[in-house]
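Chemist: Generate a structure from the sequence data that follows.
(chains A, B, C and D)
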Amino acid sequence: MKPSLDTHSDMAGTVWAAWRDRLARLIRPLRRLGWLGFLLRRLAGALPSLCGVIVVTFILTRALPGDPAAYFAGPAASQSAVEEVRHALGLDRSLLVQFGLYLQDLAHWDLGRSVSSGQPVASDLLARLPASLELTVTALLLATLTALPLGVLAATRPGSLVDHLCRIVATAGVSLPTFFTGLLLSFIFYYLLGWAPAPTGRLDPTFEPPATLTGFYLIDSLLAGDGELFFACLGQLILPAVTLALFVIAPIARMTRASMLGVLSSDFVRTARASGLSRPRILYVYALRNALLPVLTTLGMVFSFLLGSSILVEKVFAWPGVGSYALEALIASDYAPVQGFVLALAVLYLLLNLLIDIAYGVVDPRVRLEA
Amino acid sequence: MKRRLFLQSSSAVTALTALPLGAFAQADRRRELLIVANELGPNSLDIHTVGANRPSYGVSWVCYDRLLTFGAKRLPNGVMSYDFSKLEPELAESWQVASDGMSCTFKLRRNARFHDGTPVTARDVKWSLDRAVTVGGFPTFQLKAGSIEKPEQFVVIDDYTVRIDYLRKDKLLLPDLATPVPSIFNSELVKKHATEHDPWALDWTKNNVAGGGAYRLEAWRPGQEIVYVRNDNWTNGPLPKIRRIVQRDVPSAGTRRALLEKGDIDMSFEMPPKDFLEMAQAKGRVKVATVPIENALWYVGMNVKSAPFNNPQIRQAVAYALPYERIYEDAMYRRAEKMWGGPAHAPDASWPQPHPYVYDIPKARALMKAAGAENGFETTLSYDLGNATVSEPTCILIQESLALIGIKVQINKVPGANWRGALLKKDMPLILNRFGGWLNYPEYFFFWAYHGQDAVFNTMSYQNPAMDKLIDASRFETDHQRYVADVRGFIDIAWNDVPRVPLAQPALDVAMQKDVQGYRYWFHLQPDYRQIFKS
Amino acid sequence: MTEHRVPLLKVDNLHVQFSTRRGIARVLDGVSFHLDRGETLGIVGESGSGKSVLFLALLGILEGNASITQGSAQFGGFELLRASQSELANLRGRELAMVFQNPRAALNPIRRVGQQIEDILLRHSAVTRSAVRARAIDALRQVQINDPEARYHAYPFELSGGQCQRVMIAMALACRPALLIADEPTTGLDVTTQAAIMALIRDLTKVRQMATILVTHDLGLAGESCDRIAVMHAGHLVEIAPTARLFSAPRHPYTAKLLACTAYGAESIEDLASVPGQLPNLTRADLPPCRFSERCNRQLAACALPLAYQEIGPAHWVACCNPERAEEAA
Amino acid sequence: MAREHGLTLIALVLLAGFAVLALGGGWLAPYDPLATGVGASLAPPDVHHWFGTDALGRDILSRVISAARLDFGIAIAAVAVSFVIGATLGCLAGFYGGWYDRIIGRLADTIMAFPLFVLAMGVVAALGNTVANIVIATALINLPFYIRVARAEVNMRREAGYVEAARLCGASNRQILALHLFPNVLPPMMVQISLNLGWAILNAAGLSFIGLGVRPPAAEWGIMVAEGAQLIVSGEWWVAFFPGLALMLAVFAFNLLGDGARDLIDPRRRS
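Modeler: Numbers count the residues shown, from 1 in each chain, chains lettered A, B, ... in the order given. From the prediction side, this is the model:
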């Protein structure tokens, strides 16, 4: 009876496998489309949010107190001159008409013109975005490179002194207001110790910025083959990047720790241990790669956090990024840059989430192949 | 001319001999480089454009020339200042007021060139003045103050001669030509960029310099920095010593101070008064040049249109209840001139001069009682967030002090750019503000700040026909005696009615490295790099 | 006759405890047994009876909060419990291999199955990188996976549960270990696949003359495959006997109840409602010496004395002072 | 284990201290926190003024103490608002699904698509910088977290046996939500609340730093740090340091507490 059962099941297995294979061959191209379709669906899913952002931004900026017309009309303008400017700017139309005009402009990639810099917002943002991205991405890298080992260390020794130390350090980091950290760091490392360069933005005034290829000074200076310039840029970048990184180490480390703990107690890690695989292999090839999945999601959150707090850090370090740009505009009730900034960041955030989805797919074949 | 030739050849010699000595060349280059950090950079390269901010005036000042400029004098404290009483040639080699006093003819320099090499002609002058009086907004307003109003006033005689016809005999006309507004543009170059919608090519000049000034624009990264490089062909004045200027935007004042003290920047204009005081006292490597800003005042304004400040007794009570001394000490750190405790009547026509009120709470209480407001009232004190370093402590001190006479004050900070709109509405009952005029005459100040025309700077909506009459009379009064009488008259009215209570005359502080020389104060408060050099 | 041979595995008086939030749990308490080469031993018991812990302890892969307090475990003359982690790691997968329940979860979800086999081969045998792939495919072929070349590239989620278990077996047997511990290898699989997997394990171990320990809830399954069966309850090994004898003459009341229930057709121990009560809380301070006593209807005063093993038949040991009489069960 | 509780205990002690300051601030403060000139201006810490004085001669210790009430008030009010609204919306979305879920989910997504601090900035700038508006802005940006937590918990349990049982016993949807599902939302919410309290304080301080915070002369830690920020360079470190320290400790305590709570609740930790 037993052998017959065996052959039966094997026959079933063979038939099933054959079907699977045939099916697999059939849907392979579809799968590739599925991958793409998955991304498209993700994009489409983000569209309502984008619409929401556009509406909210419009309402928010129109609700800002202050009168751009008065600002444009100049210091000595009379009330009637202001009204003329208001009419010229279309600010006397109904909100709905203004919203329509706004959408029309958006469709032409026209984000309006900034009062305070005098430039089209789109070009201002393009000129400043690389500065912000260079800062936030460096901070994110820095934070991730610190937090991952910390989290792994804490997870492999849960409840140990190392674990608690990691937690205290990381929690202290997230408890410091970034502007306070920034001021403190620049006071200590620039003013007292003189180790860091002056907090005057992306580059010491005695240097010429590298020719713009990517807009990232670090990359551009390397492409230009100018080592001195590279280190000058790096020097300027370190303090603000550390300030930002300190703030987000905690969430990444916490998530790494929790995720690692979960994975380390999972069945397949037990299998790996039972198979006598070496500890580093278990930890890094088996556990960490699996543990990275939720960490990736956290990274998306953290990036949004970084973008928010980069505003304060940019202010402290005179960093010419979009954050300080938006801040100045907000204080000045300059609608267009605030609007453009928020939109740009929302789009950036959506793109980043897409990137994370792709990364997810790279790490996790289930996402890649089952999509 | 000879001196400049010498300078040029000597710098050529140093350049040649210095070639093998890298370190020396480096030091030399550093000496010709000026690094400036300010809170805010320009938002336009052209003062005529709508919404151009103050730093943009500075760009116009060094990248463009005017027909005339002012001479210089040394102030009692040793700082150099422009001299309002002395007009000097810039683009105009000479000028002559007609015998009837109703026009003035200007002879242009024949060797003057724009940055692109085009000669500066009378047509450029006319085009530029036409533009300034036509584009509207601030430039047009400013020229109107000197009775420069219509294109017909500017007549081209020949390539190098231009005449300005007067509408009335206005003593402000010639000084007005030396302000940054009537800068002379390379008209042919600008016209190439004119469009139907933009006949004066404001969009183009906003981002491009079309002048012939002592400095060319090397780079402008709005919100980050502006870099000037010397125009070596400039001949409308002594050639500047500084070859390259990097002016960075560094929003944090603390950072600017640290940069100065570390020697990483050469100069900074904007800093909290406390920092200037400490740097001036420290006698370290940084020096501070301080000049009281002409024709400018910090003041508390009360809206006279509505209760409770429509009652002059209440306004006087407030004037007696302001803690002048403490504001001067703790908010302004003495970087200002005291403007209180003067005689009851204006002794002369100088301006600004101290008002007669002092801090006297019993007297203030008595006045409140006399006004029937001994139980006090509630009100809101507004200030411009852009001036927060001084305004906020001042407001807190005022709040505390007014509480003593029963006035409960809420402090309301208004974000920078909203401030102008808020002023325009004229509905804030109590404000702390600062106002100054470029042209240094009392009637100029009063015309904007007290005249019943109700300009935006008459923030109190004050209207008094008697005062208007005196102001108007003094503007065109040629007899000195009568002029002084008019001025003393309107000052006395201002002291008696106190729609605004001056607190102090602010000072312009500039902090710079010890080796930076030749700083000169200008009424527009922007740096003039042309006179600066390093020792 | 067993006394004359040196057993492959000899576990003696093993004690393991867990420190938990609620206190110390003595999850294994004096467990002793032995296993000969080529022999198949079944270990049966309810969930939480300590069967899995027993083998995790032997392999040295207990969780951090567990500790071995007493005992010894000789494996081919080598003391497992006092070996260093690296010595143990060298043994695991090479000499002692384990197959777990729930094969899908027990395989790394984001690593191709071929690579997972290769990882073990590369770790334990002197195989070269170029040859390892062929060995991995060969291992897959030996567990009768169709089209092993293609399956080599598959991820666990792309395979059926049975296929995953075959992969697990391939991994366990890749280095030809002397002992295979199969921990509930058929849980979570459908009935036909269960039978196929059991047959596969039986065939492969028989061919290679490997010793096998089958950990299971399923008395029936153990009965079909094993030479001897050990019954565990709450950290005690309560009875061990050759399969036929255990089925025909169970002596421990717990075993007897289990068998009685199985006779009524319950599929596994988990389905048994008729063994009264449940496993005692092992963190209790007042745990009786016989941990079954509170569920037992044959309780005597002697049950309060320390637990003692008695050999009541050939190779038949029981830990009870009032064992069932042999006739009763028959 | 003991160490872990030790940390949570430290956090609780810290928070209790702050609570005492917040409740008894007026009685504990040695000076009137708003009175100028109670000491020399910018005097370093000494026996009379333990934390020194600020530029207007106000006692920093008194101001730090009185700020506790305002900061905690803002944080607690903001968190309470977002908890009540967020939990309600989240429960509705999780329980009814469908359009409720779609609309509420989109709302949360839209809020999350902004960098949150930027949104708070915009709201305060638009509505004006009053304490109430800071509370609203802070509550708004925290809202999505509560919505998501509540939604997930309710969604997971809405088919649970005891819910079915309650339904069979004739309980209305509202009763099921309130009595059977909502209590399950509370434990994970506690973690969120604790973390968010810290975050709300940071947020209010950040707004103050850029000039959008509470009005002067009210004492608030963020404003005090901002005021002191420009004095660090000239060596008057105490003006920014003490309020910064208080701010950090308060946020630190809330974060530690939140972490401790999470470890108690997270089943992964129990394994």
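
Chemist: Tell me which helix or strand in chain D has the weakest average pLDDT.
Modeler: Ranked by mean pLDDT, DSSP states H and E, the weakest helix or strand in chain D is helix D:267-270, scoring a mean of 44.

Chemist: er, chain B actually
Modeler: None of the helices or strands of chain B scores lower by mean pLDDT, DSSP H and E than helix B:2-18, at a mean of 39.

Chemist: Please identify the helix or strand for the residue most central in space within chain A.
Modeler: Closest to where the C-alpha atoms of chain A average out (CA atoms, centre = their mean) is residue A:303, at 3.3 Å. Element membership for residue A:303 (DSSP states H and E) is helix A:289-317.

Chemist: What residues sit buried inside that helix?
Modeler: Applying a neighbour-count criterion of 16 or more other CB atoms under 10 Å in any protein chain shown, one finds A:290-317 buried in helix A:289-317. Bear in mind the C-beta positions are built from the backbone N, C-alpha and C, glycine included.

Chemist: cool, stretch C:166-181 as well?
Modeler: Residues C:166-175, C:177-181 are the ones in stretch C:166-181 that count as buried (16+ other CB under 10 Å).

Chemist: So which of those sit within helices?
Modeler: Members of these lying in helices (criterion: DSSP state H): C:166-173.

Chemist: Reformat those residues as CSV; add distance to chain D.
Modeler: Shown next, in CSV, are those (distance: CB to the nearest CB, whole Å):
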residue, distance to chain D
C:166, 29
C:167, 26
C:168, 22
C:169, 27
C:170, 29
C:171, 24
C:172, 25
C:173, 30
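
Chemist: about what we covered before: which helices and strands sit right next to the helix holding residue A:303?
Modeler: helix A:121-156, helix A:178-185, helix A:227-264, helix A:322-331, helix A:335-363, helix D:116-127, helix D:182-209 (3 or more CB pairs under 8 Å, 6 or more residues apart in numbering or on different chains; DSSP states H and E).

Chemist: need the next SSE after the second one, C-terminal direction.
Modeler: The one in question is helix A:178-185. Heading C-terminal from helix A:178-185 (DSSP H and E), you reach helix A:217-223.

Chemist: Same check on the last one?
Modeler: Using DSSP H and E, the helix or strand that follows helix D:182-209 towards the C-terminus is helix D:221-232.

Chemist: can you state the direction angle for that following helix and helix D:182-209?
Modeler: Counting by axes from the mean of the first three to the mean of the last three CA atoms, to 10 degrees, helix D:221-232 lies at 30 degrees to helix D:182-209.

Chemist: Listing request: residues of the stretch 1-150 of chain A with sub-threshold pLDDT.
Modeler: A:1-39, A:41-42, A:45, A:65-67, A:71-78 (pLDDT under 70).

Chemist: let's go with 50 and repeat that
Modeler: By pLDDT under 50, the weakly predicted segments of the stretch 1-150 of chain A are A:1-13, A:30.

Chemist: For residue C:42, what are phi and psi?
Modeler: Dihedral pair for residue C:42: phi -100, psi 140, per degrees, to the nearest 10.

Chemist: List the contacts of it.
Modeler: C:213-216, C:221-223, C:225-226, C:228-230, C:243 (CB atoms under 8 Å, 6 or more residues apart in numbering or on different chains).

Chemist: Which single one of those residues is nearest to residue B:61?
Modeler: residue C:215 (90.0 Å; CB to CB).

Chemist: Spell out which parts of the stretch 151-300 of chain B neighbour chain D.
Modeler: B:252-255, B:257-258, B:261, B:272, B:274-275, B:278 (CB under 8 Å from any CB of the partner chain).

Chemist: Could you rerun that using 7 Å?
Modeler: Within the stretch 151-300 of chain B, the positions lying close to chain D (CB under 7 Å from any CB of the partner chain) are B:253-254, B:257-258, B:272, B:274-275, B:278.

Chemist: Check the stretch 51-200 of chain A too.
Modeler: A:52-53, A:56, A:60, A:63-65, A:159, A:164, A:167, A:171-172, A:174-177, A:179-180, A:183, A:187, A:191.

Chemist: and with 6 Å instead?
Modeler: With CB under 6 Å from any CB of the partner chain as the criterion, the stretch 51-200 of chain A comes near chain D at residues A:52-53, A:60, A:63-64, A:164, A:171, A:175-177, A:179-180, A:183, A:187.

Chemist: before we move on, the earlier item: tilt between the helix holding residue A:303 and helix D:221-232?
Modeler: 60 degrees.

Chemist: Mind putting the contacts of residue C:42 into TSV with distance to chain D and secondary structure?
Modeler: TSV is the format used below for the contacts of residue C:42 (distance: CB to the nearest CB, whole Å; DSSP: H, G, I helix; E, B strand; the rest coil):
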residue	distance to chain D	secondary structure
C:213	25	strand
C:214	26	strand
C:215	21	strand
C:216	24	strand
C:221	28	helix
C:222	29	helix
C:223	34	helix
C:225	31	helix
C:226	31	coil
C:228	33	strand
C:229	31	strand
C:230	27	strand
C:243	35	helix
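
Chemist: Buried by neighbour count, from these: which ones?
Modeler: C:213-216, C:221-223, C:225-226, C:228-230, C:243.

Chemist: Packing partners of the host helix or strand of residue A:87?
Modeler: According to DSSP H and E, residue A:87 maps onto helix A:79-89. Secondary-structure packing of helix A:79-89 (3 or more CB pairs under 6 Å, 6 or more residues apart in numbering or on different chains; DSSP states H and E): helix A:68-73.

Chemist: what kind of secondary structure is residue C:72 in?
Modeler: When classified by DSSP: H, G, I helix; E, B strand; the rest coil, residue C:72 comes out as strand.

Chemist: how about the strands in the stretch 151-300 of chain B?
Modeler: Assigned by DSSP state E, counting those that start in this stretch, the stretch 151-300 of chain B shows strands spanning B:154-158, B:161-165, B:215-221, B:225-230, B:244-249, B:267-268, B:286-292, B:296-302.

Chemist: Looking at the ones you listed, which is nearest to chain C?
Modeler: Closest approach to chain C among the strands of the stretch 151-300 of chain B is made by strand B:215-221 (46.1 Å; CB to the nearest CB).

Chemist: what distance separates that closest one from the middle of the whole chain?
Modeler: The chain centre lies 23 Å from the centre of strand B:215-221; the measure is CA atoms, centre = their mean, to the nearest Å.
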